[in-house]
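>>> Fold the stuff below for me.
(6 chains)
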Number of protein chains: 6
Amino acid sequence: MPHVQITWVAGRSAEQKRKITQRVTQALVEDGRAKLENIHVTFHDLPATDYAEAGVMVADQQRAP
Amino acid sequence: MPHVQITWVAGRSAEQKRKITQRVTQALVEDGRAKLENIHVTFHDLPATDYAEAGVMVADQQRAP
Amino acid sequence: MPHVQITWVAGRSAEQKRKITQRVTQALVEDGRAKLENIHVTFHDLPATDYAEAGVMVADQQRAP
Amino acid sequence: MPHVQITWVAGRSAEQKRKITQRVTQALVEDGRAKLENIHVTFHDLPATDYAEAGVMVADQQRAP
Amino acid sequence: MPHVQITWVAGRSAEQKRKITQRVTQALVEDGRAKLENIHVTFHDLPATDYAEAGVMVADQQRAP
Amino acid sequence: MPHVQITWVAGRSAEQKRKITQRVTQALVEDGRAKLENIHVTFHDLPATDYAEAGVMVADQQRAP
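Alright, predicted model coming up:
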C-alpha cells in the first residue's frame, strides 16, 4: 500500500505520466512513510465525453480542460 | 466534492450521459447541499465481457443488459 | 449494473442519502435504460480532513464545504 | 452487494476473467454470506503504460508483469 | 497488480475477510497469471445506510442484506 | 479533473496528508497541465485488517506496514 488512482480526461503522454508517478510515489515515501515497493499508481484515462464538472461534460466546456 | 463514479457496460450515447449527469448533479445540489462547481461526475464504460452479475458476465447473459 | 459511487465529506443525513439514491436510480432507469434491480448506489463519507480541492483540505477551507 | 473491482494491466482473456469471476463470486457467497444475485464483479483493464509499481510503469519493468 | 477492491455492508469478521482474501488472491495467481507479491486486496465496509440496491438502502430492506 | 484517490492503512496525521496533497496537486499542475481548482484528492483510510498484500492482511504482517 498505498494504492493511488488518478482519473482524468485522456491526453497526457506516457512521459507525463511517468513524471507524475515518480513525484506521487516520492511524496508517499517521504511524507507518508509508505514502503516504495508496495506503492501502486494507476491512471484511468477517460474520453472528454465521460467526465463532467459542474454538470457539464469537459467535451462541452468552452475552456480547455 | 462530491465525486460521482458511474461504472457500467458501454452502449449509452453522449446525450444519455449528458442527461444523467444533469439529473445527478441537480440531485446533489438540491438534496445534498453540494456546491455546483465542485461536483464531478465520471462515466466508466466497460465491455460486456468485463462486468459480471451473479457470477455471469453481461456478455453471457440471456437477457439484455 | 450500473454501480454508482458517491464520495464526499460526511455530514448528510440518511434521509438526504435516500432522496439522492432515488433520484440517481430513477435517472439511470429513465435516461440510461438500466434495469432497476441491478442498480447499486454507494456513499463513501470522508472526514473533512481527507478531501482536498485545489490543494486545500475541506477542513481548512474558509467557506462551508 | 458486494461490488468487486479488479484493476490490472490488460492481457487476460475472456475465459480467464470468467474463471476468476466464478471463484471470487463463490468465495463471497461461501465465506462472506453474500447473496449470489447481488454480487457484481468488474474488470478494469489498463494499458501497461498506466499502471505503476514502486514508481515504475509496468511497461518499463524488466520482468514480465 | 492487480488491485482488488471489495465494497460491501460492514458485518463480516476479520477471519471471513482473511479467507476471502486468500481465495481471491489464489484465483488471480492461478487463473490470471498475477504475481503473488503484487496483489492487493482491500475491503471497504459501509454502513447499511450507505449501500443501496434497486433504489433501496440495505438498512431499509425487508430481507437480510 | 483530475480526481486522485489514495487508499491505504490509517495512521497518517492530518499534517502528513496536507503535505502529500500539496505535492500531488503540484505534480498534476506542473507535469499534467491540470487546472488547480479542479483537482480533487481524497484519502481512504482503512483498518489494517482490511488491506492485504500478497494474500496477507497488513495487520498480520510481521514487518511494519
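>>> Please name the bridge partners of the residue of chain A found nearest chain E.
For chain A, the residue closest to chain E is A:H3, as judged by C-beta to the nearest C-beta, at 5.2 Å. In this view, the C-beta of every residue, glycine as well, is placed from N, C-alpha and C. Beta-bridge partners for A:H3, by DSSP bridges, are A:H40, F:T7.
>>> which ones are touching it?
Neighbour list for A:H3: A:H40, A:T42, E:H3, E:H40, E:T42, F:I6, F:T7, F:W8 [criterion: C-beta atoms under 8 Å, 6 or more residues apart in numbering or on different chains].
>>> Could you tell me how far it is located from chain C?
Distance, A:H3 to chain C, using C-beta to the nearest C-beta, to the nearest Å: 15 Å.
>>> where does stretch A:1-16 sit relative to the chain's centre, distance-wise?
Between the centre of stretch A:1-16 and the centre of its chain there are 3 Å (C-alpha atoms, centre = their mean, to the nearest Å).
>>> what mean pLDDT does it have?
Mean per-residue pLDDT for stretch A:1-16: 96.
>>> Just the terminal-to-terminal distance for that stretch.
Across stretch A:1-16, the terminal residues are separated by 23 Å (C-alpha to C-alpha, to the nearest Å).
>>> do stretch A:41-61 as well
By C-alpha to C-alpha, one end of stretch A:41-61 lies 28 Å from the other end.
>>> Low-confidence stretches in chain A?
Counting by pLDDT under 70, the ranges of chain A that qualify are A:63-65.
>>> Centroid-nearest residue for it?
Central residue of chain A (C-alpha atoms, centre = their mean): A:I6, 2.9 Å from the mean position.
>>> Tell me the spacing between it and D:R18.
29 Å (C-beta to C-beta, to the nearest Å).
>>> Could you list the contact residues of chain A toward chain B?
Contact residues, chain A versus chain B (C-beta under 8 Å from any C-beta of the partner chain): A:7, A:44, A:46, A:49-57, A:59-60.
>>> ok, now with 6 Å
Within chain A, the residues that sit near chain B (C-beta under 6 Å from any C-beta of the partner chain) are A:T7, A:T49, A:D50, A:Y51, A:A52, A:E53, A:A54, A:G55.
>>> Who does the fourth one form a beta bridge with?
Applying DSSP bridges to A:Y51 yields these beta-bridge partners: B:T42.
>>> re earlier: turn the buried ones among the residues of chain A next to chain B into a named ChimeraX selection, would you?
Entered in ChimeraX, the line below selects the buried ones among these, by 16 or more other C-beta atoms under 10 Å in any protein chain shown:
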select /A:7,49,50,51,52,53,54,55
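>>> so which helix or strand takes in the closest residue to A:G55 other than its chain neighbours?
Nearest non-adjacent residue to A:G55, counting by C-beta to C-beta, 6 or more residues apart in numbering or on different chains: B:T25, 3.9 Å away. Per DSSP states H and E: B:T25 is located in helix B:14-32.
>>> can you give me how far that helix is from the chain middle?
Between the centre of helix B:14-32 and the centre of its chain there are 10 Å (C-alpha atoms, centre = their mean).
>>> mind listing what's buried in it?
Neighbour counts using 16+ other C-beta under 10 Å place B:16-25, B:27-28, B:31-32 of helix B:14-32 among the buried residues.
>>> Quick check: the gap between the residue nearest to A:G55 and B:A34.
Counting by C-beta to C-beta, the gap from B:T25 to B:A34 is 8 Å.
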